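Trainee: only the shape, not the letters, is given here:
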Ligand code: ADP
Ligand code: MG
Ligand code: ZN
């Protein structure tokens, strides 16, 4: 189906009610893999981080990574889940070349965490509660590279290369219950949920959750049912969507596609689908296996996981402040509007601003630089704010130089430009570029005298009481000092010398 065959979004919602299910995979930031001691650091050399266990060699015996279990429990607790007193791993059997054991070690009917919820905030401030079905532990697969074809896909390739460095890296899969009642806001809810979950995972310190690096990916399940009916329709499952924007677009596209199929009398096939960044469309993948096809059974080589209640409670006590509540607190501390807070969040600037204030800058200065000059530079150069070659400590130093009067805004912008250009830290840039506010009274006084002499007519007007005309003289002095004078002091001097009251 092409994009033009779609039913418009409004028409789709006029007849149908979307139901969604989101499955998010998070790659944990543990040092070693889930069931062996291999490093999780992704080295250049293919297959350098492997051993008999993660290569699935006969007779190899897996051992559970304790930090993996601990991370799973932390995630479960933060999602308000119950934590199993006893659970097991299960083998999910299927053949795929990037899975050397021919089964994935996962959890099936005994997940470590279940029955929770996550409150997410929509753009207008409304809170939407997403119910969580389960969070379970499993492992990642290896990586196939298809060589010789034009597209890098398996079709047309002459051969494939396999790298098992990623095989066995711990994953937590978080599955929502069917999300109902979002209506036209379903795509927005999907995006807000994944965004909130990402913030939560980062706050827990269990993963960096970088979607662009595949550390967090989302499968978007979606079905439609006629408005006013209860029974769920058949779902499609758009796999491995890897940005917040794409999650929203995939849900939106599927709503329009399902509506087109259903309203023309067709039926939706339960299948996986691929999302395409270029035009926001999805295309058919494989017909979805039923769970029975995986022949799940309890993993006989691993002991059951029975986390002691004291441990669980200790982890509960150690949970950090929830991101949504932290944002609420910061919004109040910074005295910004809901809208501004949302922009700060969208720009990925919350932590950077906090780090800048922690380094001593007033919060309005910290916000001003990160959301102004630096956001502009990040935009122009297509980088995230956190990828800019400037640190919160450096931004705080610039703010300090402004507060002390050593720099004015204009000079501060040049200092930041210098730091971004790799000229060194703020003090070095100030030194090298000679960017200090001229506060030497003698030099200022001379510059003011010169400006008065060169603009006699304006000076007369000011003497005659037209104080507003002083701006032109201030401008002349600033120009003469290459912007390095303290404008407020210059204005004072001009008025003083011309004998008028400011
Ligand atoms: P699978 O392993 O087949 O993907 P899961 O149960 O792990 O199945 O995940 C299915 C996801 O889709 C869950 O989030 C679930 O709540 C949701 N879901 C189930 N049925 C429907 C449906 N008819 N429409 C939309 N979402 C659904
Ligand atoms: Mg699934
Ligand atoms: Zn290994």
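Mentor: That came in fine, so what should we check first? Here the structure is a predicted model, which is why all the values come from computation and not from measurement. Ligands and ions are numbered 1, 2, ... in the order given.
Trainee: okay, CA-based contacts and neighbour counts for the rest of this
Mentor: Fine.
Trainee: the stretch 201-350 of the chain: helices as residue ranges?
Mentor: 244-263, 309-317, 323-334, 338-346, 350-358 (DSSP state H, counting those that start in this stretch).
Trainee: could I get these in a markdown table, plus columns for mean pLDDT, mean neighbour count and distance to residue 61?
Mentor: Shown next, in a markdown table, are the helices of the stretch 201-350 of the chain (pLDDT from 0 to 100; neighbours: other CA atoms under 10 Å; distance: least, CA to CA, whole Å):
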| stretch | mean pLDDT | mean neighbour count | distance to residue 61 |
| --- | --- | --- | --- |
| helix 244-263 | 97 | 23 | 38 |
| helix 309-317 | 98 | 13 | 26 |
| helix 323-334 | 93 | 14 | 39 |
| helix 338-346 | 88 | 15 | 45 |
| helix 350-358 | 96 | 19 | 42 |
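Trainee: so for residue 59, which of those helices sits nearest?
Mentor: helix 309-317 (32.4 Å; CA to CA).
Trainee: count the residues that sit near the residue of the stretch 401-502 of the chain found nearest ligand 3.
Mentor: The nearest approach of the stretch 401-502 of the chain to ligand 3 comes at residue 422, 40.5 Å away (CA to the ion). With neighbours defined by other CA atoms under 10 Å, the count for residue 422 comes to 12.
Trainee: thought residue 416 was touching it, still the case?
Mentor: No. No contact is recorded between residue 422 and residue 416 when judged using CA atoms under 8 Å, the distance being 9.9 Å.
Trainee: what residues of stretch 430-449 count as buried?
Mentor: Of the residues in stretch 430-449, 430, 435, 436, 437, 438, 444, 445, 447, 448 count as buried by neighbour count, 16 or more other CA atoms under 10 Å.
Trainee: all strands of the stretch 1-150 of the chain, in order?
Mentor: 16-27, 82-83, 90-93, 103-106, 113-121, 127-139, 143-147 (DSSP state E, counting those that start in this stretch).
Trainee: so which of those strands gets nearest ligand 1?
Mentor: Ligand 1 lies closest to strand 16-27 among the strands of the stretch 1-150 of the chain, at 3.4 Å (CA to the nearest ligand atom).
Trainee: about what we covered before: can I get the strands of the stretch 1-150 of the chain in TSV including distance to residue 153, mean pLDDT and mean neighbour count?
Mentor: Compiled in TSV, these are given as follows (distance: least, CA to CA, whole Å; pLDDT from 0 to 100; neighbours: other CA atoms under 10 Å):
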stretch	distance to residue 153	mean pLDDT	mean neighbour count
strand 16-27	23	98	25
strand 82-83	41	98	20
strand 90-93	24	96	22
strand 103-106	23	97	23
strand 113-121	36	96	20
strand 127-139	24	98	22
strand 143-147	6	93	17
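Trainee: out of those strands, which gets nearest to residue 252?
Mentor: That would be strand 16-27 among these, by CA to CA, at 9.9 Å.
Trainee: what comes into contact with the closest one?
Mentor: 140, 169-184, 186, 190, 194, 207, 209, 215-228, 232, 255, 259 (CA atoms under 8 Å, 6 or more residues apart in numbering).
Trainee: now, which of the residues you listed lie within strands?
Mentor: Per DSSP state E, strands hold the following members of the contacts of strand 16-27: 170-176, 216-226.
Trainee: if we check ligand 1, which of those are in contact?
Mentor: 175, 176, 221, 222, 223 (CA under 6 Å from any ligand atom).
Trainee: show me which residues of the protein sit near ligand 1.
Mentor: 19-23, 175-178, 221-223, 232-235.
Trainee: apply 5 Å and report the result again.
Mentor: 19-22, 175-178, 221-223, 232, 235 (CA under 5 Å from any ligand atom).
Trainee: max pairwise distance over these: which two?
Mentor: 175 and 232, at 17.4 Å, using CA to CA across the residues of the chain next to ligand 1.
Trainee: between those two, which one's more packed in?
Mentor: Neighbour comparison, residue 175 and residue 232: the larger count goes to residue 175, with 20 against 16 (by other CA under 10 Å).
Trainee: once you drop chain neighbours, what's closest to that one?
Mentor: residue 23 (4.5 Å; CA to CA, 6 or more residues apart in numbering).
Trainee: repeat for residue 412
Mentor: residue 398 (6.4 Å).
Trainee: confirm that neighbour sits in a helix?
Mentor: Yes. Residue 398 forms part of a helix when assessed by DSSP: H, G, I helix; E, B strand; the rest coil.
Trainee: which ones are touching it?
Mentor: Residue 398 neighbours (CA under 8 Å, 6+ apart): 412, 415, 416, 426.
Trainee: how close does it sit to residue 449?
Mentor: From residue 398 across to residue 449, the span is 31 Å (CA to CA, to the nearest Å).
Trainee: how about the residues of this protein near ligand 3?
Mentor: 36, 38, 50, 51, 54 (CA under 5 Å from the ion).
Trainee: what is the nearest of those residues to ligand 1?
Mentor: Looking across the residues of the chain next to ligand 3 and measuring by CA to the nearest ligand atom, the closest to ligand 1 is residue 54, at 22.9 Å.
Trainee: ok, the nearest residue to that closest one once chain neighbours are set aside to ligand 1 distance?
Mentor: Leaving aside its sequence neighbours, residue 54 sits nearest to residue 168 (CA to CA, 6+ apart; 5.7 Å). Using CA to the nearest ligand atom, to the nearest Å, residue 168 is found at 19 Å from ligand 1.
Trainee: low-confidence ranges in the chain?
Mentor: 1-4, 289-292, 439, 502 (pLDDT under 70).
Trainee: rerun that using 80 as the cut-off
Mentor: Applying pLDDT under 80 to the chain flags residues 1-4, 42-44, 288-292, 436-441, 482-484, 501-502.
Trainee: circling back: now the residue nearest to residue 54: how far from residue 141?
Mentor: 6 Å.
Trainee: these two: which has the busier surroundings?
Mentor: The residue with more neighbours, out of residue 168 and residue 141, is residue 168; 28 against 24, by other CA under 10 Å.
Trainee: identify the residues contacting the more buried one.
Mentor: Per CA under 8 Å, 6+ apart, neighbours of residue 168: 33, 34, 35, 36, 54, 139, 140, 141, 142.
Trainee: same list (the buried residues of stretch 430-449) but as JSON lines, adding secondary structure.
Mentor: Shown next, in JSON lines, are the buried residues of stretch 430-449 (three-state DSSP):
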{"residue": "430", "secondary structure": "helix"}
{"residue": "435", "secondary structure": "coil"}
{"residue": "436", "secondary structure": "coil"}
{"residue": "437", "secondary structure": "coil"}
{"residue": "438", "secondary structure": "strand"}
{"residue": "444", "secondary structure": "helix"}
{"residue": "445", "secondary structure": "helix"}
{"residue": "447", "secondary structure": "helix"}
{"residue": "448", "secondary structure": "helix"}
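Trainee: so which of the residues you listed is the closest to ligand 1?
Mentor: Taking those together and measuring to ligand 1 by CA to the nearest ligand atom, the closest member is residue 430, at 55.0 Å.
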